[in-house]
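Chemist: this one's structure only:
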């Protein structure tokens, strides 16, 4: 059960993110085994990573497209957690993974700045289900679909996608600010589009640029414009950015 400290909270969901454990069919691939030996870990406990497992992912053919990119949610979360919106308690961050897990990130989490260290943190998270294993959990993971998460948040869902209605980000932010507990979906993958199942849970979808933008760029622009939109409505204290 999610607990909100304010009636006006933006839930950012990095949906269908390119995070997963190395699939069974690749655990014995030379590139995966080499990386496992270097990290002194079982290959089955590794997070799939395009940087180190590229040759293994190629073996998946078309099924490997867009997989093994933990850097995308990593950079996106760093920008989100460091925002004034998060620092004032008006943002909640979630990651829905391509293997249907839900990661909840505490607003006070200080994630590693290095992506390799972040990936190691994810590997610990998959093993322990919560990090750190004692004390206040900064990240937790549990099985669940995107639909499960959206049902729990129970807010109006707006998605940003190149297949959406063209609209400036500041206009989308104004739409978000009209609702209590709005939910913003941003794709946590490098290319392609949301699945039909994901889009079926969306109330509105918008395209904020003629070309596809990196997820972290979308997150940064969305949060900044949402801060401005809520400040203009008097629903959010002004920050030094305004």
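Modeler: Good, I have the coordinates. Just so it is clear, the structure is predicted and the values come from calculations on it, not from any experiment. Residues are numbered from 1 along each chain as shown.

Chemist: count the neighbours of the residue nearest to residue 71 when sequence neighbours are not counted for me.
Modeler: If the residues on either side of it in the chain are set aside, residue 71 comes closest to residue 115, at 4.7 Å by CB to CB, 6 or more residues apart in numbering. All C-beta spots, glycine's among them, are computed from the backbone N, C-alpha and C. By other CB atoms under 10 Å, 18 other residues sit near residue 115.

Chemist: same thing with residue 30?
Modeler: 9.

Chemist: so who does it touch?
Modeler: Listed by CB atoms under 8 Å, 6 or more residues apart in numbering, the contact set of residue 30 reads 55, 56.

Chemist: next one: the one 4 residues further on
Modeler: When the contact criterion is CB under 8 Å, 6+ apart, residue 34 has no partners at all.

Chemist: any idea how far the host helix or strand of it is from the chain center?
Modeler: Residue 34 belongs to helix 30-39 when assigned by DSSP states H and E. Between the centre of helix 30-39 and the centre of its host chain there is 26 Å, according to CA atoms, centre = their mean, to the nearest Å.

Chemist: so for that helix, mean pLDDT?
Modeler: Average pLDDT, helix 30-39: 97.

Chemist: wait, the residue nearest to residue 71 sits on residue 70?
Modeler: Yes. Between residue 115 and residue 70 there is a contact under CB atoms under 8 Å: 6.8 Å.

Chemist: quick check: residue 10 vs residue 206, distance?
Modeler: Distance of residue 10 to residue 206, given as CB to CB, to the nearest Å: 15 Å.

Chemist: look at these two and report which has more neighbours.
Modeler: residue 10 (26 against 19).

Chemist: residue at max distance from the center of the protein?
Modeler: The C-alpha centroid of the chain is most remote from residue 30, which lies 29.6 Å away (CA atoms, centre = their mean).

Chemist: how far does the biggest helix by length in the chain sit from the chain's center?
Modeler: When the chain is parsed with DSSP state H, its longest helix is helix 215-232. In terms of CA atoms, centre = their mean, the centre of helix 215-232 is found 15 Å from the chain centre.

Chemist: other residues contacting that helix?
Modeler: Contacts of helix 215-232 (CB under 8 Å, 6+ apart): 8, 10, 12, 14, 72-73, 75-76, 78-80, 83-86, 90-91, 160, 169-170, 172-174, 176-177, 184, 186-189, 208, 236-239, 241-242.

Chemist: look at the residue nearest to residue 71 and report its pLDDT.
Modeler: 97.

Chemist: so what's it up against?
Modeler: Residue 115 makes contact with 70, 71, 74, 75, according to CB under 8 Å, 6+ apart.

Chemist: among those residues, name the ones in helices.
Modeler: 71, 74, 75.

Chemist: mind checking how far the first one is from residue 34?
Modeler: Residue 71 sits 20 Å away from residue 34, going by CB to CB.

Chemist: checking the closest residue to residue 181 other than its chain neighbours next. Helix, strand or coil?
Modeler: Closest residue to residue 181 apart from its sequence neighbours, by CB to CB, 6+ apart: residue 155 at 3.8 Å. Counting by DSSP: H, G, I helix; E, B strand; the rest coil, the backbone at residue 155 sits in coil.

Chemist: please tell me how far residue 155 sits from residue 8.
Modeler: 11 Å.

Chemist: any shared contact partners between those two?
Modeler: Here residue 155 and residue 8 share the contacting residues 180, 181, scored by CB under 8 Å, 6+ apart.

Chemist: the two: which has the busier surroundings?
Modeler: residue 155 (20 against 15).

Chemist: what are the ranges of the helices in the protein?
Modeler: All helices of the chain, identified by DSSP H, fall at 30-39, 50-58, 71-81, 84-87, 115-128, 146-153, 169-177, 196-199, 215-232.
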